[in-house]
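# The sequence isn't on hand, but the structure is:
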């Protein structure tokens, strides 16, 4: 028998190459699944997202994207044109509404109140003059003088009520009016006491009259003058609000017209069409508003400036002249009432206090009348002022003659030359006052005419500008819309 050889191969030995099953790569062991989290355990937060874009940025991107196409560009142009025309109309309406309101205040509110304040001062000063004239007449005080005093007091009281109704609550003017309302009855009481003692022949009556005059000169008239100045400042402020050109509206109008012209030129370059009806309509309305704005306000400004130069300035000077004449007359009368009891030292010289003040007031009257003559621009305004100048010159001559009589001890002759029936200084004062009243009435009429023309030039402008601007914006949108319809 032959020999049999058995070869033993261990299980762990790899099979010889080329024989047996193919060798597979080793698979890594998979980790065990995690245990289920317990209930109520918060879920892990998501990774933070990047910053969110704003609506403005997104809108800007959309606008940028739209601008890459002709329809998109047309929509943007139409929106901007409409917005510019509307802004022009809105600003024009706003500015002209303010100016129209200020012009109306000049005519119907601030200037009449300024005149009322001047009348308060004049009435108080004239009442003081009438009181001193009646005192000089003693028991023979005329009914005319008494009525004049009562009329002046009533006028001052009525004007104070009117001023209080139109003054702003809590303003300095309101406090001044309250002060005058408090002092007026006190002054009347002092005057009545002076008259009572004077009729009985007691010298103390003169002391009461001088005390009443001091209250008038040192408290009431300064308060009335303060009220007059405040109302004049208010009038000047209304002029300052009504007359400036509306530059913001004018600038927007020019910008709107330039933008509309550019849009039509662009349309012509792309379509070779000369006219776009909507854009032409928008241009026409914007042009009308701009011309109306410039021309209308120019006329209003001219009228208001004329009312100030030939109305308010003349009225102020004439009011000052009338006040100066009243103060001069009051001091002239008090010179005889005091009879040297009040003196004033100027440098090395001593003067009668009231006569010295009379000289100061007459100089002020002459200066105001000279200014009024220069401002008078027609015969009707110049004639009464020139007559007042002549009356003042005669007044000074008669006053000098009266003072000579008084200084020579001829009191009755001096009194006759001041309050007498004929050839007295009172006649000159009355003539000055009457002529100034005539001049004031003329200048008041001139003011109302010029200021009324200025205010009327703005009538309808705010509303017209707003309506035309809306129509212009609609025209611009329709004009652009017609171009857009060609792309549909």
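Happy to help now that I have it. All of these numbers come straight from a predicted model, not from anything done at the bench. Residues are numbered from 1 along each chain as shown.
# Which residue lies nearest the spatial centre of this protein?
Central residue of the chain (CA atoms, centre = their mean): residue 238, 3.3 Å from the mean position.
# wait, doesn't it sit right on residue 104?
No - with contact defined as CB atoms under 8 Å, residue 238 and residue 104 do not form a contacting pair (9.0 Å). Every C-beta, even on glycine, is put in place using the N, C-alpha and C of the backbone.
# On the C-terminal side of the helix or strand of the chain with the lowest mean pLDDT, identify the next helix or strand.
The helix or strand of the chain with the lowest confidence, counting by mean pLDDT, DSSP states H and E, is helix 55-66 at a mean of 66. Under the assignment DSSP states H and E, the closest C-terminal helix or strand after helix 55-66 is helix 70-105.
# Which positions in that following helix come out as buried?
72, 74-75, 77-78, 81-82, 84-97, 99-105 (16 or more other CB atoms under 10 Å).
# Please apply the same query to stretch 142-152.
Buried residues in stretch 142-152 (16+ other CB under 10 Å): 145-146, 148-149, 152.
# For the one helix or strand residue 296 maps to, which helices and strands make contact with it?
With elements taken from DSSP H and E, the one containing residue 296 is helix 277-307. Helix 277-307 makes packing contacts with helix 70-105, helix 221-242, helix 247-271, helix 425-456, helix 461-485 when contacts are defined by 3 or more CB pairs under 8 Å, 6 or more residues apart in numbering; DSSP states H and E.
# what pLDDT, on average, does the helix or strand following that helix get?
For helix 277-307, the following helix or strand on the C-terminal side (DSSP H and E) is helix 313-338. Averaging the model's pLDDT scores along helix 313-338 yields 88.
# Please apply the same query to stretch 403-413.
Taken as a whole, stretch 403-413 has a mean pLDDT of 87.
# how long is that stretch from one end to the other?
The straight-line separation of the ends of stretch 403-413 (CA to CA, to the nearest Å) is 10 Å.
# which outside residues touch it?
Residues from elsewhere that reach stretch 403-413 (CB atoms under 8 Å, 6 or more residues apart in numbering): 335-336, 339, 355, 414, 417.
# Include distance to residue 119 and mean pLDDT when you put the helices and strands packed on helix 277-307 into a markdown table, please.
As requested, the helices and strands packed on helix 277-307 are arranged in a markdown table below (distance: least, CB to CB, whole Å; pLDDT from 0 to 100):
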| stretch | distance to residue 119 | mean pLDDT |
| --- | --- | --- |
| helix 70-105 | 19 | 91 |
| helix 221-242 | 9 | 91 |
| helix 247-271 | 38 | 91 |
| helix 425-456 | 10 | 92 |
| helix 461-485 | 34 | 88 |
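# From residue 77, how far off is the residue nearest to the centre of the chain?
43 Å (CB to CB, to the nearest Å).
# Identify the residues contacting residue 164.
With CB under 8 Å, 6+ apart as the criterion, the residues that contact residue 164 are 174, 177-178, 181.
# Those residues, buried ones only, as a ChimeraX selection?
Restricted to buried positions by 16+ other CB under 10 Å, the ChimeraX selection for the contacts of residue 164 reads:
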select :177
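# So which of the contacts of residue 164 is the closest to residue 314?
Within the set of these, residue 177 lies nearest residue 314; the separation is 26.4 Å, counting by CB to CB.
# in what helix or strand does that closest one lie?
For residue 177, the enclosing helix or strand under DSSP H and E is helix 172-199.
# what's the angle from that helix to helix 313-338?
Relative orientation of helix 172-199 and helix 313-338, computed by axes from the mean of the first three to the mean of the last three CA atoms, to 10 degrees: 30 degrees.
# which two of the contacts of residue 164 lie the greatest distance from each other?
Taking every pair in these and measuring CB to CB, the maximum separation is 10.6 Å, between 174 and 181.
# Report the spatially closest residue to residue 449, excluding sequence-adjacent ones.
Once flanking residues are discounted, residue 449 sits nearest to residue 307: 7.9 Å by CB to CB, 6 or more residues apart in numbering.
# thought the one you found was touching residue 444?
No - when contacts are counted by CB under 8 Å, residue 307 is not listed as touching residue 444 (10.8 Å).
# Looking at those two now, which is surrounded by more residues?
A side-by-side neighbour count of residue 307 and residue 444, using other CB atoms under 10 Å, places residue 307 first with 26 against 17.
# how about the more buried one, what does it touch?
The contact partners of residue 307, by CB under 8 Å, 6+ apart, come to 106, 446-447, 449-451, 454.
# ok so, going back, output the helices and strands packed on helix 277-307 as TSV; include the columns distance to residue 278.
Compiled in TSV, the helices and strands packed on helix 277-307 are given as follows (distance: least, CB to CB, whole Å):
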stretch	distance to residue 278
helix 70-105	9
helix 221-242	37
helix 247-271	10
helix 425-456	34
helix 461-485	2
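# tell me how far the ends of stretch 239-258 are from each other?
One end of stretch 239-258 to the other measures 33 Å (CA to CA).
# in that stretch, what's buried?
Using 16+ other CB under 10 Å, the residues of stretch 239-258 that count as buried are 239, 242-243, 246, 249-250, 252-253, 256-257.
# just these now: which is nearest residue 282?
Within the buried residues of stretch 239-258, distances to residue 282 taken as CB to CB reach their minimum at residue 256, with 8.4 Å.
# Name the nearest residue to residue 335, sequence neighbours excluded.
In space, residue 335 is closest to residue 354, 4.2 Å off (CB to CB, 6+ apart).
# and the helix or strand encompassing the one you found, how far out from the chain's middle?
Residue 354 is part of helix 353-375 when elements are defined by DSSP H and E. Its chain's C-alpha centre lies 32 Å from the corresponding centre of helix 353-375 when counted by CA atoms, centre = their mean, to the nearest Å.
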